[in-house]
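Trainee: sequence first, then the predicted structure:
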Amino acid sequence: MTATIETSIKRVAKIFFKYNFVALPVVDDDGAMQGIITMRDALESVYPEMKEEAHA
């Protein structure tokens, strides 16, 4: 299972919850890995207030 740069953050969050992943590779159109997104990245993007609380 991978995500692309165009994959919405909501879709990524659904993948994390469905498969219980900790990280997900991000690939380009050719399937070459461009990086990873972590569960924390996804949660902070979906719920920005969580990031603020974590740093307080």
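Mentor: That came in fine, so what should we check first?

Trainee: for this structure, what spans make up the helices?
Mentor: 9-19, 39-46, 48-54 (DSSP state H).

Trainee: show the pLDDT at Val46.
Mentor: Val46 is assigned 77 on the pLDDT scale.

Trainee: how about it, what does it touch?
Mentor: Ile9, Lys10, Ala13 (Cβ atoms under 8 Å, 6 or more residues apart in numbering). Bear in mind the C-beta positions are built from the backbone N, C-alpha and C, glycine included.

Trainee: ok, now how distant is the second one from Gly31?
Mentor: Okay, so that is Lys10. Distance of Lys10 to Gly31, given as Cβ to Cβ, to the nearest Å: 23 Å.

Trainee: what residue ranges in the protein score low on pLDDT?
Mentor: Applying pLDDT under 70 to the chain flags the ranges 49-56.

Trainee: how does it look with 80?
Mentor: For the chain, the stretches with pLDDT under 80 are 46-56.
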